[in-house]
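1. how would this look folded up:
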Amino acid sequence: MTITTLDTPSATPLLDWYDRHHRDLPWRVTPGMAARGVKADPYHIWLSEVMLQQTTVQAVKPYFARFLERWPEVTDLAAAENDAVMAAWAGLGYYARARNLKKCAEAVAKEHGGIFPDTEEGLRSLPGIGDYTAAAVAAIAFNRQAAVMDGNVERVISRLYAIATPLPAAKPMMKEKVALMTPAARPGDFAQAMMDLGATICTPKRPACSLCPFRDACKALKLSDPEFFPVKAAKKEKPVRYGAAFIAVTDDGEILLRQRVASGLLGGMTEVPTTAWTARTDGETSAEAAPFDAAWQACGTVIHVFTHFELRLSIWRAAIAAKVGTNDGWWEPVTNLEAQALPTVMKKAIATAIPLAFKTSKG
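-> The predicted structure is shown next:
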């Protein structure tokens, strides 16, 4: 499909809007700062973009601040212990991102002298950096004319051009449109402006079309049905998997933990003993599958939704007088759980058995 530039709106109204209404974000260099010669830090942009995948801005802000406080430079992150990085990431979800974050930092430190490549091609050569992140870092940190398209941008583009092809099939067409719109001057601001427009004006429900800088060009608005776009393919119903989690607590307040294998779902994270559930198979759900004999008591069920399936864990708790020997785990004081690399589903399981284990059970 060949797209001409005849129906490509000018970026100028959007950039004018962004100059006045941009969001102030901790990783962002705003137009006023740029005018004073402040440049975006590639490390900050890369870190924030990885964190923001499948996660909200509000959720990311405290994680971003803690990471920078602990590892101010990419070389600091490269030198960090894997377990420390995983623990700091715990609660953000999609834990493969954390593993790739560490690998990418190591590659930047070892192969590039601690300096990020400044092109899309160079950035894509790094571990864990795909097309979107490479384009975002290239545009925002290095002012490259790269087409940046996240979920917010998809929504804006789909409405601007009234693209009726369902996602994800429409993505190549959308990206071509974004590429045509991206200006040679201020491509990073354009990318961030499109993100802000989708986040604050061109929202999924009740978009504020009267305030939109593209209102005169928007084909969906002319059709009087912006909320129809983007069109999404029908979702498949998520399968439900079952398993059990075992929370063993000693009289002196220590809990049995272990580490998951490095690869796969929740790879390298800390967990309480569980049965062998996966995204494709169920695990045992009864106390007979416990890691050792004890007076296990049922505490209820935890439901946790992953990207491709729903998990229902039967929670079992045992109060034991003394530690039991284990070949693949360790005993950790309950008071130290906040410092462990526990994913949200494990925090839910522990909080069900020990309600006061965490300040919050949300992970």
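2. who are the packing partners of the host helix or strand of I157?
-> Per DSSP states H and E, I157 falls inside helix 151-160. If contacts are counted by 3 or more Cβ pairs under 8 Å, 6 or more residues apart in numbering; DSSP states H and E, helix 151-160 sits against helix 171-181, helix 187-200, helix 219-222. For every residue, glycine as well, the C-beta is placed using N, CA and C.
3. looking at the ones you listed, which is buried most?
-> Highest mean neighbour count of the helices and strands packed on helix 151-160: helix 187-200, a mean of 23 (counted as mean count of other Cβ atoms under 10 Å).
4. pull the residues that contact it.
-> Outside helix 187-200, the residues within contact range by Cβ atoms under 8 Å, 6 or more residues apart in numbering are 11, 14-15, 17-18, 21-23, 28, 31, 34, 40, 57, 135-136, 139-146, 148, 150-156, 178, 181-183, 208, 212-214.
5. could you tell me which of these belong to strands?
-> Per DSSP state E, strands hold no members of the contacts of helix 187-200.
6. are any of the residues you listed buried, and which?
-> Listed as buried from these are 11, 14-15, 17-18, 22, 28, 40, 135-136, 139-146, 148, 150, 152-156, 178, 181-182, 212-214; burial here means 16 or more other Cβ atoms under 10 Å.
7. if we can go back for a sec, could you check the angle the helix holding I157 makes with helix 187-200?
-> Orientation check (axes from the mean of the first three to the mean of the last three Cα atoms, to 10 degrees): helix 151-160 against helix 187-200 gives 80 degrees.
8. mean confidence for helix 151-160?
-> What helix 151-160 shows for mean pLDDT is 97.
9. using CSV, write out every CA atom in it.
-> Provided in CSV are the C-alpha atoms of helix 151-160 (Å, rounded to 0.1, in the frame of the first residue of the first chain):
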residue,chain,number,x,y,z
GLY,A,151,-0.5,2.4,22.4
ASN,A,152,-1.4,6.0,22.8
VAL,A,153,0.1,6.9,19.4
GLU,A,154,-1.8,4.0,17.8
ARG,A,155,-5.1,5.4,19.1
VAL,A,156,-4.3,8.9,17.8
ILE,A,157,-3.3,7.7,14.4
SER,A,158,-6.2,5.3,14.1
ARG,A,159,-8.7,8.1,14.7
LEU,A,160,-6.8,10.7,12.7
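10. what angle separates it from helix 171-181?
-> Put simply, helix 151-160 runs at 80 degrees to helix 171-181, going by the same axes, to 10 degrees.
11. what's in contact with helix 151-160?
-> Contact with helix 151-160 is made by 9, 149, 163, 167, 170-171, 174, 177-178, 191, 194-199, 202, 204, 207, 214, 217-221, 226, 229-231, as judged by Cβ under 8 Å, 6+ apart.
12. ok so, going back, of all the helices and strands packed on helix 151-160, which one comes closest to D282?
-> Across the helices and strands packed on helix 151-160, D282 has its closest neighbour in helix 171-181 (33.9 Å, Cβ to Cβ).
13. who does the closest one touch, helix- and strand-wise?
-> helix 151-160.
14. tell me how far the helix it packs on lies from the chain's centre.
-> 20 Å (Cα atoms, centre = their mean, to the nearest Å).
15. now stretch 14-33
-> Computed by Cα atoms, centre = their mean, the chain-centroid distance of stretch 14-33 equals 22 Å.
16. other residues contacting that stretch?
-> So stretch 14-33 is in contact with 38-41, 44-45, 47-48, 57, 61, 64-65, 183, 186, 189-190, 192-194, 196-197, 199-200, 213-214, going by Cβ under 8 Å, 6+ apart.
17. straight-line length of that stretch, end to end?
-> One end of stretch 14-33 to the other measures 19 Å (Cα to Cα, to the nearest Å).
18. tell me the mean pLDDT over that stretch?
-> The average pLDDT within stretch 14-33 is 95.
19. what does stretch 73-81 contact?
-> The set of residues external to stretch 73-81 that reach it, using Cβ under 8 Å, 6+ apart, is 43, 46, 67, 70-71, 85, 101-102, 105-106, 108-110, 114, 116.
20. care to break this structure down by domain?
-> 12-228, 240-353 (automatic domain parsing).
21. model confidence score at the residue lying farthest from the centre of the chain, please.
-> Centroid-distance maximum for the chain: A321 at 40.6 Å, with Cα atoms, centre = their mean. Per-residue pLDDT puts A321 at 90.
22. do I have it right that it meets T250?
-> Yes - assessed by Cβ atoms under 8 Å, A321 is found in contact with T250 at 7.1 Å.
23. now do the strands in the stretch 201-350 of the chain.
-> Secondary structure of the stretch 201-350 of the chain, counting by DSSP state E, counting those that start in this stretch: strands at 240-250, 254-259, 270-271, 297-305, 310-320, 329-333.
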